[in-house]
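Participant: Sequence plus the predicted model coming up.
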Amino acid sequence: MTELRWLLVAMVLFLAALPALSLGTDGDVPALWVAGLVLVAVAGAIPVVLRFAPSGGED
């Protein structure tokens with residue numbers, strides 16, 4: 001996948017995490033807000049990994 005697609009995946013994960021966190025804390029459903037926190041962590045890690053991963057293009 002290209003870097004742009006990875007960043008799009010990260011954005012979608014962030015957008016999915018926000019309602020999960022909100023519904024999990026509001027409805028007192030620990031599994032839902034933990035899932036939201038995991039989504040935030042994964043989405044936040046994608047740009048960091050992309051920054052330090054070697055690119056496939058030529059210099």
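Facilitator: Alright, I've got the coordinates. Because the structure is predicted, anything quoted here is derived from the model rather than measured.
Participant: which residues touch W6?
Facilitator: Contact analysis of W6 by C-beta atoms under 8 Å, 6 or more residues apart in numbering lists I46, L50. Heads up, the C-betas are built off the backbone N, CA and C, glycines and all.
Participant: again, only using 10 Å
Facilitator: For W6, the contact set (C-beta atoms under 10 Å, 6 or more residues apart in numbering) comprises I46, P47, V49, L50, A53.
Participant: By neighbours, which of these wins?
Facilitator: Of all those, the highest neighbour tally under other C-beta atoms under 10 Å goes to I46, namely 18 neighbours.
Participant: for the chain, what spans make up the helices?
Facilitator: 3-26, 30-52 (DSSP state H).
Participant: contacts for the last one?
Facilitator: Counting by C-beta under 10 Å, 6+ apart, the neighbours of helix 30-52 from elsewhere in the structure are 3, 6-27, 29.
Participant: separation between the most centrally placed residue in the chain and S55?
Facilitator: Geometric centre of the chain, nearest residue: A43, 1.7 Å, by C-alpha atoms, centre = their mean. Distance from A43 to S55, counting by C-beta to C-beta, to the nearest Å: 21 Å.
Participant: The contacts of helix 30-52, buried ones only, as a PyMOL selection?
Facilitator: Only the buried entries of these go into this PyMOL selection, using 16 or more other C-beta atoms under 10 Å:
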select buried, resi 10+13+17+20+21+24
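Participant: just to revisit the earlier point, let me have the helices of the chain in JSON lines, extended by mean pLDDT.
Facilitator: Shown next, in JSON lines, are those (pLDDT from 0 to 100):
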{"stretch": "helix 3-26", "mean pLDDT": "93"}
{"stretch": "helix 30-52", "mean pLDDT": "93"}
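Participant: Reformat the contacts of W6 as TSV; add distance to A35.
Facilitator: TSV is the format used below for the contacts of W6 (distance: C-beta to C-beta, whole Å):
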residue	distance to A35
I46	17
P47	21
V49	21
L50	23
A53	26
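Participant: nearest residue to M1 other than its sequence neighbours?
Facilitator: V9 (7.9 Å; C-beta to C-beta, 6 or more residues apart in numbering).
Participant: For the one you found, give me its contacts.
Facilitator: Counting by C-beta under 10 Å, 6+ apart, V9 makes contact with M1, V42, A43, I46.
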